[in-house]
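Peer 1: below is the structure, and that's it, no one-letter string:
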Ligand code: 7TS
């Protein structure tokens, strides 16, 4: 029995809901996680008690808001073991973070013929921005070959890295395959040829301890909403020496140092990249989420996520007519599967009638679907509030769905 790591009904109001008369079994945390009471309370408290804009006015509320926003940045910085909170840029989420690197770093440093190394498993938000920068600069995309189980071997990486590699952009954990990619080793190879390592941490930062220095990354992108924080807040972490050289991409309030009629100069990092009023309540909510996760323990969360992922993978594989994708070990907290003769959307619909929430579709990874040779899959994904009972409910629902469609 794998138990949840917290008192779920105490901490998560949403789990007290019933849907179609059944208690909610939420297996869609890779899309977004639920929000615990302390996160809801922190945001509520900000709006009720300290609401003001940041970095502008000197009144008490503005100072409280500015302090809380700065503290949120420090909390994020500590959580990912960054050397300086200034390396933490608040964005709307992983998508905006990756677009920022591609637009700013990519446009500035890529030349025609330079190479960008990607994998076919990337989420569209770590793929389309690179396609676009390649179009603008004449850079070329190179794809790492996946092994049969969807994993990435260092030999496969070696085959695509060349002296022309300027950027490698790779997810740490796949949102479909549940595979864990060898970021440290890839970063080593990229650095040997003078390139930079961009890591999509959307599925890893919520589930494992993160140390950007140990990871050997130059940039790391992640989203608050997949780690118990609110939607609309995310992070781009970057090495100070790169951020200092990079041009901003959003121009306006609070990102300038001086403006006259003809020209402008930029504020320091991170303000340079945070034009306009930021998502202050979002940053405060994210910091509360980080405090909550840290109190549980990221090592424990990592162990639990992997235990559920591997248990689900093994159990699903035993069911005849069910195909499961990705590696057996290690397998992270997302398990993609199909059932012979049943469309994934029909699976998701039948599950919903039993209050089991999964995702069906291409999971914003169409090149991966093409590689797998399927149009779409069903996917169950887990977090520390799930238990092996939830997987039992999933297995029962699969058997029932098979019986229903075979009739
Ligand atoms: N990268 C990965 C690996 C992801 O899983 C996601 C979102 C993103 C980037 C984009 O994050 P966003 O917060 O900017 O949207 N993944 C999913 C998913 O698997 N189902 O819904 C969203």
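Peer 2: Received the coordinates, thanks. Being a predicted model, the structure only gives us computed values, none of them experimental.

Peer 1: show me what from this structure comes close to the ligand.
Peer 2: By Cβ under 6 Å from any ligand atom, the residues of the chain that approach the ligand are 30-31, 93-95, 123, 125-126, 171, 175, 200, 202-203, 223, 359, 363-364. Just so you know, the C-beta spots here come from the backbone N, C-alpha and C atoms, and that holds for glycine as well.

Peer 1: can we see that at 8 Å?
Peer 2: Contacts of the chain with the ligand, taken as Cβ under 8 Å from any ligand atom, map to 28, 30-32, 92-98, 122-126, 171, 173-176, 200, 202-203, 221, 223, 225-226, 231, 234, 334, 359, 363-365, 379, 381.

Peer 1: now, those residues that are in strands?
Peer 2: Judged by DSSP state E, strands contain the following of the residues of the chain next to the ligand: 171, 200, 221, 223, 234, 334, 359, 379, 381.

Peer 1: tell me the one among these nearest to residue 108.
Peer 2: Set against residue 108, the nearest of these by Cβ to Cβ is residue 221 (17.7 Å).

Peer 1: just the pLDDT for the nearest residue to that closest one once chain neighbours are set aside.
Peer 2: Once flanking residues are discounted, residue 221 sits nearest to residue 97: 3.5 Å by Cβ to Cβ, 6 or more residues apart in numbering. At residue 97, the model reports a pLDDT of 99.

Peer 1: please apply the same query to residue 407.
Peer 2: Predicted confidence (pLDDT) for residue 407: 79.

Peer 1: distance of it relative to the ligand?
Peer 2: Distance, residue 407 to the ligand, by Cβ to the nearest ligand atom, to the nearest Å: 31 Å.

Peer 1: go on, residue 287?
Peer 2: Here residue 287 is placed at a distance of 18 Å from the ligand (Cβ to the nearest ligand atom).

Peer 1: for residue 77, same thing?
Peer 2: Taking Cβ to the nearest ligand atom, one finds residue 77 at 20 Å from the ligand.

Peer 1: from what I see, that residue and residue 87 are in contact.
Peer 2: Yes. Counting by Cβ atoms under 8 Å, residue 77 touches residue 87, with 7.0 Å between them.

Peer 1: which one of the two has more residues nearby?
Peer 2: residue 87 (25 against 19; other Cβ atoms under 10 Å).

Peer 1: my guess is that one contacts residue 242, does it?
Peer 2: No. Residue 87 is not in contact with residue 242 according to Cβ under 8 Å; the separation is 9.3 Å.

Peer 1: quick one: contacts for residue 107?
Peer 2: For residue 107, the contacting residues are 133, 136-137, 247, by Cβ atoms under 8 Å, 6 or more residues apart in numbering.

Peer 1: which of the residues you listed are buried, as a ChimeraX select command?
Peer 2: Only the buried entries of the contacts of residue 107 go into this ChimeraX selection, using 16 or more other Cβ atoms under 10 Å:
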select :133,137
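
Peer 1: pick out whichever of the contacts of residue 107 sits closest to the ligand.
Peer 2: Distances from the ligand to these, taken as Cβ to the nearest ligand atom, are shortest for residue 133 (16.7 Å).

Peer 1: on the three-state scheme, the closest one is what?
Peer 2: helix (DSSP: H, G, I helix; E, B strand; the rest coil).

Peer 1: these two touch, right, it and residue 102?
Peer 2: Yes. Using Cβ under 8 Å, residue 133 makes contact with residue 102 at a distance of 4.6 Å.

Peer 1: could you report the pLDDT at the residue located most distally from the centre of the chain?
Peer 2: Relative to the mean C-alpha coordinate of the chain, counting by Cα atoms, centre = their mean, the farthest residue is residue 261 (40.5 Å). pLDDT for residue 261: 98.

Peer 1: got the phi and psi for it?
Peer 2: When quoted as degrees, to the nearest 10, the phi and psi of residue 261 stand at phi -60, psi -30.

Peer 1: likewise the one 4 residues further on?
Peer 2: Backbone torsions for residue 265, taken as degrees, to the nearest 10, come to phi -120, psi 160.

Peer 1: quickly list what it is bridged to.
Peer 2: Applying DSSP bridges to residue 265 gives these bridge partners: residue 258.

Peer 1: residue 272 versus that one, what's the distance?
Peer 2: Per Cβ to Cβ, to the nearest Å, residue 265 is found 10 Å from residue 272.

Peer 1: out of these two, which sits in the busier spot?
Peer 2: Using other Cβ under 10 Å, the more surrounded residue of residue 265 and residue 272 is residue 272, with 23 against 10.

Peer 1: you'd agree that one is in a helix?
Peer 2: Yes. Counting by three-state DSSP, residue 272 is found in a helix.

Peer 1: mind listing what it touches?
Peer 2: The neighbours of residue 272, taking Cβ under 8 Å, 6+ apart as the test, are 243, 248, 255, 266.

Peer 1: same thing but 10 Å
Peer 2: Applying Cβ atoms under 10 Å, 6 or more residues apart in numbering to residue 272 gives the contacts 89, 104, 243-244, 246-250, 254-257, 265-266.

Peer 1: same question, residue 77
Peer 2: Residue 77 is in contact with 83-88, 212, 235, 237, counting by Cβ under 10 Å, 6+ apart.
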